Structures are given as C-alpha cells and as structure tokens.
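Chemist: Starting from these lines, generate the structure:
(2 chains)
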Amino acid sequence: MADNAYFTLLTSLPHIDSLFSSKITAISRFQLDKRLSMLTSDDQKKLVMIENLLHWDHLGDDVNEKALIRQAERARATLGTQALRDLIDWRLDMRTVVAALRMKHAGKPAPSEAKWSYGSRYAYIRSHWASPTLGLGGAFPWISKVNEYLRTSKCVELEKVLLQAVWDHLDHMTMKHRNDFEAVVIYVLRWNLVARWTTYDTEKAHVRFQNLIKKSLGDFQHQLPQ
Amino acid sequence: MENFILMLGWAGIFAPMALGSIGSGFGCSVAGQAACGAMLDVESGYGKFIGVAAMPSSQGILGIVVMFLLLGHGVNMTTAPAIFGIGLLAGLALMFTAMYQGHAIAGAINASKNKPEIFGLSIAPAAIVEGFSVFTFVFALVLAGNIPG
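Modeler: Numbers count the residues shown, from 1 in each chain, chains lettered A, B, ... in the order given. Purely as a prediction, here's the structure:
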C-alpha cells in the first residue's frame, strides 16, 4: 500500500477520545475489521501478528513461555520498520518489567536463565534485580507507582497505571505517525485498550477467578474446609 | 548549444503548467482519499469534504496562466534563459505547495469530521499554503514582465 493510500483508511476511522472516560469503543470490531480490509494482505498479516503478540486473550492458561519468547523474536524480525520494532520492544519490555516486579513482590530471586523473557531489556533487568525500580525508573517512570500498588494490593489502580502508560506511549507515537502503517497499528492498539477497559466485567472476573482457584487446587479442593 | 538554450526556454514555458498539474493531481488525490475515508465515518456533510478536496487544483490553474504569460514573450536566445529560470522555479513552487496543501486538507478533513464546528478554522493551514502559491504566481508575473527582449 502506497503511503498516501493510508489517508482513506485513517480518515474512515472514528477518533478515539480518551481511555477511561469511554463507555464503549468508538467503532465495533466488526466495522473496524471491515475498514482494515482496505490494507494490503501483507499489512493485514503484519497487523494480526502484532495483535497476537501483544494481546494474550487468545492464549490458554498453560502458556509455554519459551515458545512465546521464540514467537516474539520471530515476529519482531519480520516487522518492516524500526518504528514498529521500537513499539513492539517497548510493549514487551513493559511486560517484562511488570513480570519482574510481580516476581520481586512475591519474593522470588532473579531468574537463573539468561533468556528469561522477551523485549530488549530482560538481561538488564536481571542484572539490576536488586534495584527497586530495576534500574529503569527513568525509562519507565510508572514503575514506582506499580511497586506501590503491588505492595498495597490495589489491583484496579495498578491496571489503570499500566493502561495509562501504554495509552501515553501510543499518544506520543501518534505525533510522529499520521498517515502510514504505523498510524494504523497505533489506532488498532488504542482501540484494543479502550475495548479492554470498557469490557471489564466484575461478574466475569469473579467466575474466572473461582475457576482458576479450582484448577490450581485440583483434587485438594475437596479437602478444604467449607 | 543554441538549440539546447531554446529547448530550455520551451521547458521553462511548460514547467509551471506541467509541474503545477503534477502537484495538483497529487494534492487532490491525497485530499480526495481523506474525503472518501471521512464519508465512511460520517452520516452527512459529504459535499464540503469533496469541495475542500478540490482546493489543490488551483496551482494547476495558476501554472496555466504563468505558462501563457511566458509564451507571450516568445522563445529566442535572449528570452530563453529568463523564461527557463522563472518557469522552472515557479513550477516547482506550485508543485510542492499543491502537494503539501493536499496533506493540510487531509488533516483538516480528519479533524473537522470528528468536530464539525472547526471546519472553517481547520482549513486555515491549507489557505496559508495557498497564499504561498499566490505569492509565487504574482512574483512570476512581475518577473515575467521584466524579461528583456
């Protein structure tokens, strides 16, 4: 798709105003997919690959981490532009940082395996395990807030901080990309954030939590006091 | 050598029109694509998007006027270098202003689609770009009036 041909697609997409004040997504997924069909098949494949890499909804409970890391590396290598690679790296680094903070909060030591996660900073994080901010307080200023909310078990606030960090990063990227494939990717990722926030459901979360507990306990669940 | 200089003179005559048309075609295409996209997202007001998308066509028209004015001087060894200089540079200026005006209009369409009340204001950047096209046109006319011979 020639660079200028993205004008039609991008102007056909409704503006996404804000994250937390949105009650519904600006456009349904069905309509969004119809509009995205204007992309060439190569661009569509890339977009699907990026979405699969960054969203875990399609993954089951038994995730093979090594396979996931390999898949991320393969996907990253096929991305055409440095801007997309930087975007993917940032998101994967964010995942790695949050995973590391959660592990630290649970009292776990630094991972023994060198290639323990994906992104571009896993080795650095491993070597700065002792630091409260993993030595990344400057690059990821939200780390101190995440630490605080992990310590105080404020899950909703924690989720909001992480979503806001992604939203801000995508906002920043929007300044540099107005009518190219990166702009389409940024739009879809922002749409996904709003979709995720607006579909949070307490009831569903409760049922899923109960199911996870049952699965974790396995045969022992019957031995618990009622 | 003489033929080469005369050829440059003729190129200078046709340049404002040809380059202006290239720019207008590009600008209208970009703005038109944005207008088509916006029409998918809004329920009404299609006409204003299509209307504003035609704005970069003016550079092609200005180029035609400059071309006829330069043609009026006739191409000979005295006039050809001046015609080439004025025509080529005027053509380049018209081409680039038309191209970037197309981008400015695409931005205006995208913004006013989401906020219709800013439509008038949103085309101000495109109008400023148009101003530079008019500067080029006016000063090409002034300089063309001073071509010796």
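
Chemist: which residues touch the closest residue to chain A within chain B?
Modeler: Chain B approaches chain A most closely through residue B:37 (3.3 Å), counting by Cβ to the nearest Cβ. Glycine gets a C-beta too; all of them are placed from N, C-alpha and C. Contact analysis of residue B:37 by Cβ atoms under 8 Å, 6 or more residues apart in numbering or on different chains lists A:7, A:8, A:9, A:10, A:11, A:12, A:13.

Chemist: Mark which of the residues you listed are part of helices, please.
Modeler: With helices taken from DSSP state H, the overlap with the contacts of residue B:37 comprises A:7, A:8, A:9, A:10, A:11, A:12.

Chemist: Find me the pLDDT at the third one, would you?
Modeler: Read it as residue A:9. Looking at residue A:9, its pLDDT reads 91.

Chemist: so it touches residue A:32, yeah?
Modeler: No: when contacts are counted by Cβ atoms under 8 Å, residue A:9 is not listed as touching residue A:32 (10.6 Å).

Chemist: neighbour-wise, which of these two wins?
Modeler: residue A:9 (24 against 19; other Cβ atoms under 10 Å in any protein chain shown).

Chemist: how near is the more buried one to residue A:81?
Modeler: Counting by Cβ to Cβ, to the nearest Å, the gap from residue A:9 to residue A:81 is 17 Å.

Chemist: if we can go back for a sec, can you tell me the element the residue of chain B closest to chain A falls in?
Modeler: Using DSSP states H and E, residue B:37 maps to helix B:2-41.

Chemist: Just list the residues touching the residue most central in space within chain A, thanks.
Modeler: By Cα atoms, centre = their mean, chain A has its centre lying nearest to residue A:54, at 4.9 Å. By Cβ under 8 Å, 6+ apart, the residues touching residue A:54 are A:88, A:91, A:189, A:192.

Chemist: check contacts around the residue nearest to the spatial centre of chain B.
Modeler: For chain B, the residue nearest the mean C-alpha position is residue B:59 (2.2 Å; Cα atoms, centre = their mean). Contacts for residue B:59 (Cβ under 8 Å, 6+ apart) come out as B:20, B:23, B:24, B:27, B:94, B:95, B:97, B:98, B:101, B:133.

Chemist: Just the element for it, please.
Modeler: Assigned by DSSP H and E, residue B:59 falls in helix B:58-71.

Chemist: can you give me the helices for chain A?
Modeler: Counting by DSSP H, the helices of chain A are A:6-12, A:29-36, A:41-54, A:65-78, A:82-105, A:122-127, A:143-152, A:155-176, A:181-198, A:202-217.

Chemist: winner for burial among those helices?
Modeler: helix A:6-12 (a mean of 24; mean count of other Cβ atoms under 10 Å in any protein chain shown).

Chemist: Now do that helix: everything it contacts.
Modeler: A:35-36, A:38-39, A:178-181, A:183-184, A:187, B:30, B:33-38, B:40-41, B:106, B:109-110, B:113.

Chemist: Just the C-alpha atoms of that helix, please, in PDB.
Modeler: Extracted as PDB, the C-alpha positions of helix A:6-12 are listed here (Å, rounded to 0.1, in the frame of the first residue of the first chain):
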ATOM      1  CA  TYR A   6      -3.500   5.200   4.200                       C
ATOM      2  CA  PHE A   7      -5.400   8.500   4.100                       C
ATOM      3  CA  THR A   8      -8.700   6.800   3.200                       C
ATOM      4  CA  LEU A   9      -8.400   4.200   5.900                       C
ATOM      5  CA  LEU A  10      -7.300   6.500   8.700                       C
ATOM      6  CA  THR A  11      -9.900   9.200   8.000                       C
ATOM      7  CA  SER A  12     -12.600   6.500   7.900                       C
END
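
Chemist: follow-up on the earlier one: could you dump the contacts of residue B:59 into CSV and include distance to chain A?
Modeler: CSV is the format used below for these (distance: Cβ to the nearest Cβ, whole Å):
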residue, distance to chain A
B:20, 19
B:23, 13
B:24, 14
B:27, 10
B:94, 19
B:95, 15
B:97, 17
B:98, 14
B:101, 14
B:133, 20
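
Chemist: For chain B, what lies in contact range of chain A?
Modeler: B:26, B:29-30, B:33-38, B:40-41, B:103, B:106-107, B:109-110, B:113-114 (Cβ under 8 Å from any Cβ of the partner chain).

Chemist: try 7 Å
Modeler: Contact residues, chain B versus chain A (Cβ under 7 Å from any Cβ of the partner chain): B:29-30, B:33-34, B:36-38, B:40-41, B:106, B:109-110, B:113-114.

Chemist: just to revisit the earlier point, now the helix holding residue B:59: buried residues?
Modeler: The neighbour-count check on helix B:58-71 (16 or more other Cβ atoms under 10 Å in any protein chain shown) flags B:58, B:59, B:60, B:62, B:63, B:66, B:67, B:69, B:70 as buried.

Chemist: if you average pLDDT over that helix, what comes out?
Modeler: 96.
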